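Peer 1: what shape does this take:
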Amino acid sequence: MRILIAEDDFISRKLIQKLLASYGKCDVTVDGVEAVESFILAHQEGDPYKLICLDIMMARMDGVQALKMIRDIEKQKGLTEGETAKIIMMTALNDKETVMGSYDLGCDAYAWKPLNIEKVHEVIAKLGFETKE
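Peer 2: Numbers count the residues shown, from 1 in each chain. The predicted structure is shown next:
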């Protein structure tokens, strides 16, 4: 499985990458612009991401904007629900409006920072993914 991690904080990015490596190949980006570009490139290569983790607060383009663009691209491509990426939003914000807005835009789950490793594994399992080991 191919995974995309969009996180602007270096330590968080490394932690998430280590945490998700047991599920598949992880690509990392530092902002929403790079995340959307990577998403498009992965589709062009014929190897789309199955799981995308988006930090909400990032420079250039935040995770909510990236989520909207990714879901819009999937709609333009005519992808069915089983063909779209599962998207987990990651945030330290405790803002109900942002959370509900992200679900309205099509996120599949939320992970609160600081990340609880067991809870992240539970969320990923609920999305239907298993470790490759």
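
Peer 1: if I look at residue 26, how far off is residue 16?
Peer 2: If you measure residue 26 against residue 16 using Cβ to Cβ, to the nearest Å, the figure is 8 Å. For glycine as for every other residue, the C-beta is placed from the backbone atoms N, C-alpha and C.

Peer 1: looking at these two, which is more packed in?
Peer 2: Of the pair residue 26 and residue 16, residue 16 is the one with more neighbours under other Cβ atoms under 10 Å, namely 25 against 21.

Peer 1: quick one: residue 28 is in a strand?
Peer 2: Yes. If the criterion is DSSP: H, G, I helix; E, B strand; the rest coil, then residue 28 is within a strand.

Peer 1: find the nearest non-adjacent residue to it, please.
Peer 2: Using Cβ to Cβ, 6 or more residues apart in numbering and skipping the chain neighbours, the partner closest in space to residue 28 is residue 5 (4.7 Å).

Peer 1: count the neighbours of the one you found for me.
Peer 2: 27.

Peer 1: so it: helix, strand or coil?
Peer 2: Classification of residue 5 using three-state DSSP returns strand.

Peer 1: give me the residues contacting the longest helix seen in the chain.
Peer 2: When secondary structure is assigned using DSSP state H, the longest helix within the chain turns out to be helix 63-77. Judged by Cβ atoms under 8 Å, 6 or more residues apart in numbering, the contacts made with helix 63-77 from elsewhere in the structure are 6, 32-33, 35-36, 39-40, 43, 52, 54-58, 61, 83-85, 87, 89-91, 98, 101-102, 105-107.

Peer 1: and what of stretch 96-104?
Peer 2: Under the contact criterion Cβ under 8 Å, 6+ apart, stretch 96-104 has outside partners 56, 63, 64, 67, 89, 91, 110.

Peer 1: now do stretch 20-35
Peer 2: Residues lying outside stretch 20-35 but in contact with it, judged by Cβ under 8 Å, 6+ apart, are 1-8, 13, 17, 37-38, 42, 49-54, 58-63, 65-66, 69-70, 124, 129-133.
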